[in-house]
Every structure is written in structure tokens, then in C-alpha cells.
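A.B. asks: let's see this in three dimensions:
(chains A and B)
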Amino acid sequence: MSNIRWGYAINQWRNMEVDLARKEQVESALKVISVCGFEAVELSDCDGILDGPENILGHFGSPQNFMTFLNECGICQVSSFFLNLGNGSFFKGGFRSTNSDDHKIIIGAAGGIAGFMSQLGVKCMVPRGMPPYWKEAPVTDEKIKIAADCWNHAGKATQASGVKIAVHIDFLNGLRGLDSIETFLSYTDPEFVGLALDTAEFTIAGIDPVKFYEKHHGRVCHFHFKDAVEKDSQDEYKETNAEIEYWPVPVTLAGQKRGIERWYYEMGTPGGRVDFPALLKSLYKHNYDGWIVVESDQSPHAEESVMLNGWYRRQVLSMIQS
Amino acid sequence: MEHSVQEVVSMQSAHNIKWSYMDHWSMRSARGWVTPQNGPAFADRFYKAIVGVGFQGVDPFEFRLAAQMQIFGSAKAAVQFAKDRGVEQFVNMFCIRYNENTHLPETHEETLRCFEAKIKRFEGVGLESYVVMPATHYWKVEPVSDEKIKWMAECWNRVGKLTKQHGIKLTCHHEFYCGLHHRDELDKFYAWTDPEYVYLFVDTAQHQISGVDPTDFYLKHHKRVSGFHFKDTHYVDLAEDYRTAPDPERSASTTSRWFWEMGTKGGLVDFPRFMKAMKDCRYKGWASVEHDKADVGGNYAESTCHTKWYIENVLSKIYA
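C.D. replies: Below is the predicted model of the structure:
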């Protein structure tokens, strides 16, 4: 029997330094998420005053106070925490999952953050598997093995708090492409490491998310639902500066030469490539038990995106029977 | 627990109140901020957004509905497009383009003819009511006399009788700057209009700005009330802005934004008390949310989500 719960990522509200910088901005976003029918929020380490233990404690005083704040906005818990850990971000110390010397620090950080996040209801932490492809290439079997080792140990560290590592695959990351992902899965322990299947990222990278889930459903423990209308048909992920570091969020330059300003779209967007009904049927078939977090990063209008995704879930996906 | 669309509809139909949304909407596009009337793709986004956050009906402006009918080719096609996206119906149409000088009897024949044309034009939409501002700007009417109010009443009695023959209620919405501003002027108007033909559409913010307690006013006239605009204000007009020419909404001295969504800091309308009054009067039917000027320092999507959040988390616990 499947047990699917719906959350929404708050990251789309955080594009500028002044975003999600005040409690009332957070309150506004949470109420929008709640009233559009989503019960939980996914946080990330880019999300302003919600970007991790230090800021949450600083602004709210305690995990309990923060949970009260969430509940008063109509949000029951934090579903998951997305973090730039081990992907070489110099804002996070530059540590890389592909460098064994960095593992101790990454694993320690993972365990510490998980301990805090578990108090907010978090059941999985979502790091990117590696640094961006253009920085990590060539991505060899050996590098994948080293990264897998990193996440195996990080997964053990987070499991102590009841939190699982769900490695996020995205089209600009070193860990991308079906062969690399399957190699990574073969080197990781299913008990400690799962995957976060982001429907748009898979689609842009040329991987059919439904077929992938049918084959690897036992390893997928988290979802990001968003749509895509374009594929990376020109191998733009390989280009220098396909993604650059920036604060508060990385900047995607891939696609801009051919006029792509936005890769990600709301579910149900005309021309959208993701077959969400088919994927949801597959989730029910395989008794998926976990969160689907809808994401609309790169949205030009955060509130409208949540409303459109709320419509699609209520009017289209609710017709899919478990 | 996830509910199917059928279950949700069934639950909503068990409620006394259905919520409709007054279309002032604007959205971002490659050509800047646009309204849903800029083409089918924009209408599609609007309806999905509104239904997505839980509204069941849409209240159009007359000119916006007319544009939709042009885009889709007919009233029937425009309605079907909305229904296909989960909108139950177009409920109240806010009328424009008629001679608002109803205190002048020589305008009445023209107004009657104008509404005959509207009835013909919007036949088949399935509207419940036409919403009108029953008097023109206060500064154009003053001094407001009993005689002028009686002429206004006479005009709308005739129009209301006409619309009723076509199954549509004629209902009056009182902008704070219209020629019926003070409580005694309002009460006289409703005393001199026929309850069978002229209904009242209570706009919580407009009355609050005028210094008329919306709850007290509703309680006195609740049998005449056919609908509401739920919106808030942060200001009472203490400087006689309602008399400002040419347009107190845009050129008044107090503020450039009179209207706010429910639930904001500084909001003056006591919505829980108002909702309790609706419960006491056992109101059944549509209630509308209106955001007017939400794009002054904000945007419609955000205001709409916040107000629906307020409905679900505060008002519906009092009466639903």
C-alpha cells in the first residue's frame, strides 16, 4: 500500500539576497504553499533565514518554536532538506564527494545537520552527488566509486537520526546519465543511500523518469516533481560555466546561448515533457511510501507557480487511483 | 488524506457558502504584466490558479467577460473554457458602460436600453447577478437630496424589474465615493427601492472606508443581500476624500492603496464578526473575494493565496 505525501520546496522564493530574509516573507510563502494543498515544506541551505540550524535557531529560538511557526502557517512539518554538501561549493568550504580527503568533514556535517533536521520532521536529506560535470569531467568509474563511498558513510551518519540520504541527480551534475547513475547505485548501500528523482532534471538529461523508476523503484526514496519543455540536446552540461557559483543560489548559464532562460516549468505546462500521470501510476504500483516535493525553481512568479501546481495535483493527479 | 475531485465537490456542495473570485487578475508574461484577456494561454493560467487555490466561481468585469467571449467566439465557448478548468460558473458580473447619473431622471430611458442590450449580449453565460454602482461620484451628485435618492431608486427599480424577467438579480455595490455614501443615504435608498427588484451587494472595505459598519449594515439589510466583496482596508476616510474630483480611488489625499486582502496587519474590517453575522442570518450562496489594487506594492497571486488561507483557517471555522 503506497503512502504518498505532498510537499513544496520553498527555494523558488529565494532568488535575491533580500528574499526570505525576514519572518514575514517566510510566513507569506508558507501560507501560499499551505492553501494550495501542500502539507509540508522542503528547505534548502540557500533559503535565507531557513538555511540551516544556525539561522533557524537564531530567528526562532528552538526547533519547537520553529515547528509552532510552521503549524500556525498551516504546514505540518519539514519534509526534507536539500543541501550543497560535497558538491565543491566554495560557499560551503569547497569540499568534494570525489575527494577522499574531504569525506570526514562531509560525513560529520551530514550527521550534525541530520540531528537537527530530524527534530523538524525531516526524513531525508538531499545532496547533489558530485560537483558540476564541467568541473569534474572526466567522470570516471573511480570517481563515482569515491563519491559512493562518501555517501555510504554519510548515510550511516544520518541514519542515527532516522534520516536517509537521497542523492539528487541533476542534468548539470557530474553524476548524470544512466550509466553513471547505475554505476553509482551498484557502489552504494541501499540501506544508507537512495536517490531523489527530479522529473525535470532526468528529462532534460535524456532519461525517461517513468522507465527509470520502473527499473530502480527500490532505490528511489524522494521525488521532485517539476516539468521541462526542453532537453539538453546540445550537451550544454559539458560547457565551461554551465553552472556558476553564486549567492544565494547557483546560476545556470547552460542554454542561454540558444535563448533558454528557464529550464523548469509547472506541472501541466503546454509542451511539458514529463508524463506525471504515468509516473504516479508507477508510484502506486510499487507502493511508494514517502514525499513528493513539487518544485518550481526558476519560476518568474512564485505564488502563481504554486497555484498552478496545486491545480494540476487536485484536478489531474488526484484522478489517478492508488 | 487525498480527496478525489468528486469528493471535494461533494464536500463543498454541503457548505452554505461557495467562494467566487472577482477578476482583477494580472500575471507576468514575456510582454510584462498582462490580464487573462490577453489570449487563451493567459486565461488558462488564470482559471487554473484560481481553482488551484480552491475558488469555485469567477466574477468578471463586464469588459473582461466581453473580451473572453470575443476570444473564444461565444458566451457558451467562454463558459466552457472556464468549466473545463474547474470553474463552476461565472457568478456576478460587474457592469460598466451605462449612464451613472441615475439621480437625473432624463438618463433613465437610456440606462434601461443599455441594460436591455447587456441582457442580450450576455445571454447564455448563466450569471446570477449584475452588479452596479447605483449612483455616480459623490462630487457629481452633491448636494445629495431625498429627491435625488428617489430618482436613483426609481431608475434601479425599473432596471431590476427588467433583469429579473431574465432571471438575473440587479444588485448594488456602494463604492465609498459614490453618491450614496452615508448610512442615512444608504438606508433611504433601500427603503425606496423594491426588495423584489433591487438587491444589495455588501463590499466590506468600501463601507468601512465610508465609516459605515459593514456588519451592522448587513444585519439591517440581510434579506436584500445577494452577495459580498470580501476585502479589507487600512483607512477610514476622515478627510472627505470621497468628495475628491475626479476620482477618489486614485487621487485621494489619504492613500494610493485603499484596498487590502484579508488578514493583513492594520486591517480594519472585523471579518470574524461579519462571518458570525452571516451565520446568524443563515446566509446561503456565493461570497466573493475582491482584490483591487493588489498590484500596488504586491501582486494578485500572493494576495489571493493569503486571503484564501485566511478563509480556510479563520472564517470557515466560524461559518462555511
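A.B. asks: now do the strands in the chain.
C.D. replies: All of this refers to chain A. Assigned by DSSP state E, the strands in chain A fall at A:3-9, A:40-44, A:77-83, A:124-127, A:164-168, A:193-198, A:220-225, A:227-228, A:243-244, A:251-252, A:264-265, A:289-294.
A.B. asks: not quite, I wanted chain B
C.D. replies: B:17-22, B:27-29, B:32-34, B:57-59, B:89-90, B:92-94, B:129-132, B:169-173, B:198-203, B:225-230, B:232-233, B:259-260, B:285-289.
A.B. asks: switch those strands over to a markdown table; also include mean pLDDT and distance to chain A.
C.D. replies: Glycine gets a C-beta too; all of them are placed from N, C-alpha and C. Output for these, formatted as a markdown table (pLDDT from 0 to 100; distance: least, C-beta to the nearest C-beta, whole Å):
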| stretch | mean pLDDT | distance to chain A |
| --- | --- | --- |
| strand B:17-22 | 98 | 11 |
| strand B:27-29 | 90 | 5 |
| strand B:32-34 | 85 | 10 |
| strand B:57-59 | 98 | 14 |
| strand B:89-90 | 98 | 17 |
| strand B:92-94 | 97 | 22 |
| strand B:129-132 | 98 | 25 |
| strand B:169-173 | 98 | 26 |
| strand B:198-203 | 98 | 23 |
| strand B:225-230 | 98 | 15 |
| strand B:232-233 | 97 | 16 |
| strand B:259-260 | 94 | 14 |
| strand B:285-289 | 98 | 12 |
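A.B. asks: report the contact partners of B:I318.
C.D. replies: Going by C-beta atoms under 8 Å, 6 or more residues apart in numbering or on different chains, B:I318 touches B:272, B:275-276, B:279.
A.B. asks: ok, and the most crowded of the residues you listed?
C.D. replies: Greatest neighbour count in the contacts of B:I318, by other C-beta atoms under 10 Å in any protein chain shown, goes to B:M275: 23 neighbours.
A.B. asks: that residue contacts B:I311, correct?
C.D. replies: No: B:M275 lies out of contact with B:I311 (C-beta atoms under 8 Å); the separation is 9.3 Å.
A.B. asks: neighbours of A:P132, how many?
C.D. replies: 25.
A.B. asks: count of residues packed around the residue lying closest to it once chain neighbours are set aside?
C.D. replies: The shortest distance from A:P132 to any non-neighbouring residue, by C-beta to C-beta, 6 or more residues apart in numbering or on different chains, is to A:E243 (4.8 Å). Per other C-beta under 10 Å, the neighbour tally for A:E243 reads 21.
A.B. asks: which non-adjacent residue is nearest the closest residue to chain B within chain A?
C.D. replies: Chain B sits closest to A:W311 of chain A, with a gap of 3.1 Å, by C-beta to the nearest C-beta. With C-beta to C-beta, 6+ apart as the criterion, A:W311 has its nearest non-adjacent residue at 3.1 Å, and that residue is B:G52.
A.B. asks: which residues touch that neighbour?
C.D. replies: A:36-37, A:306-312, A:314-315 are the contacts of B:G52 under C-beta under 8 Å, 6+ apart.
A.B. asks: any chance of the strands of chain B in JSON lines, plus mean neighbour count?
C.D. replies: Compiled in JSON lines, those are given as follows (neighbours: other C-beta atoms under 10 Å in any protein chain shown):
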{"stretch": "strand B:17-22", "mean neighbour count": "24"}
{"stretch": "strand B:27-29", "mean neighbour count": "17"}
{"stretch": "strand B:32-34", "mean neighbour count": "12"}
{"stretch": "strand B:57-59", "mean neighbour count": "25"}
{"stretch": "strand B:89-90", "mean neighbour count": "20"}
{"stretch": "strand B:92-94", "mean neighbour count": "25"}
{"stretch": "strand B:129-132", "mean neighbour count": "25"}
{"stretch": "strand B:169-173", "mean neighbour count": "23"}
{"stretch": "strand B:198-203", "mean neighbour count": "26"}
{"stretch": "strand B:225-230", "mean neighbour count": "23"}
{"stretch": "strand B:232-233", "mean neighbour count": "22"}
{"stretch": "strand B:259-260", "mean neighbour count": "26"}
{"stretch": "strand B:285-289", "mean neighbour count": "21"}
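A.B. asks: okay if I get those strands as TSV plus distance to A:S2?
C.D. replies: Formatted as TSV, these follow (distance: least, C-beta to C-beta, whole Å):
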stretch	distance to A:S2
strand B:17-22	32
strand B:27-29	35
strand B:32-34	40
strand B:57-59	34
strand B:89-90	36
strand B:92-94	42
strand B:129-132	45
strand B:169-173	48
strand B:198-203	47
strand B:225-230	39
strand B:232-233	42
strand B:259-260	42
strand B:285-289	36
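A.B. asks: okay then, goodbye and thanks.
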